[in-house]
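A.B. asks: okay, here's the prediction I keep looking at, along with the sequence it came from:
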Amino acid sequence: MRWFILAATVPLLAMNGVVAASEIKPVHSEKCLDVPNDSAAPDIQIIQFTCHSGPNQQWSVQTAGDTSTIVAHNGMCLDVRGGSTGDIVPIIQFPCSGGFNQKFRVINVPGVAPGDSRVQIKTFADKCLDIDSGSLFDTAGVIQFTCTGRPNQIFHIQ
């Protein structure tokens, strides 16, 4: 599979750079991606939860070339469970391996207001990170799903 990145890559992600201690918020809910209960265990599904600036809501986006690895404060990486290419596959934390299922493309989406930085986060399967069923509730799971452009697949990285 060949990957092509759009020219409009997120400006805050410098080539081969790191953005540390960032919150990742789905625009539909303005909640934060969260490691439940600040768990250090592998294979825990990432959720959305009301933002509270806790360490379990802080992410480092490490960019190398046209892909990024997204790392939790505990050193675990975002991961597409089992390397699946299907829809409704949980996005989990897992020890960083550099595997294809831990590589993401962060692609700029035009915002509504000047300076509004919105992104899609695409998996190796060319699917999007998605808040399951567009839920607005705390503890809704983050999944991989076919890209639709809906707000539950668009994020702010702040």
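C.D. replies: Here it is on my side, so go on. The structure presented is a predicted model; accordingly, all values stated were derived computationally and were not measured.
A.B. asks: now stretch 71-85, how far from the centre of its chain.
C.D. replies: Average the C-alpha atoms of stretch 71-85, do the same for its chain, and the two points are 10 Å apart (CA atoms, centre = their mean, to the nearest Å).
A.B. asks: try stretch 91-102
C.D. replies: A distance of 12 Å separates the C-alpha centroid of stretch 91-102 from that of its chain, computed with CA atoms, centre = their mean.
A.B. asks: buried ones in it?
C.D. replies: Ile91, Ile92, Gln93, Phe94, Cys96, Asn101, Gln102 (16 or more other CB atoms under 10 Å). Using the backbone N, CA and C atoms, a C-beta is placed for each residue, glycine as well.
A.B. asks: do the same with stretch 103-119
C.D. replies: By 16+ other CB under 10 Å, the buried positions in stretch 103-119 come out as Lys103, Phe104, Arg105, Val106, Ile107, Asn108, Val109, Arg118, Val119.
A.B. asks: ok so, going back, and the buried residues of stretch 91-102, which two are furthest apart?
C.D. replies: Maximum pairwise distance in those, criterion CB to CB, is 14.4 Å, between Ile91 and Cys96.
A.B. asks: contact partners for Pro95?
C.D. replies: Residues counted as contacts of Pro95 (CB atoms under 8 Å, 6 or more residues apart in numbering) are Pro42, Gly75, Met76, Cys77.
A.B. asks: touching, the third one and Ser39? I think so.
C.D. replies: The one in question is Met76. No - using CB atoms under 8 Å, Met76 makes no contact with Ser39, being 9.1 Å away.
A.B. asks: how about low-confidence regions in this structure?
C.D. replies: Per-residue confidence for the chain (pLDDT under 70) gives these ranges: 1-17, 19-21, 111-112, 115.
A.B. asks: for it, just list every one of the strands.
C.D. replies: Secondary structure of the chain (DSSP state E): strands at 18-22, 24-26, 32-34, 44-45, 47-49, 59-64, 67-72, 76-80, 89-95, 105-109, 118-122, 128-131, 142-145, 155-157.
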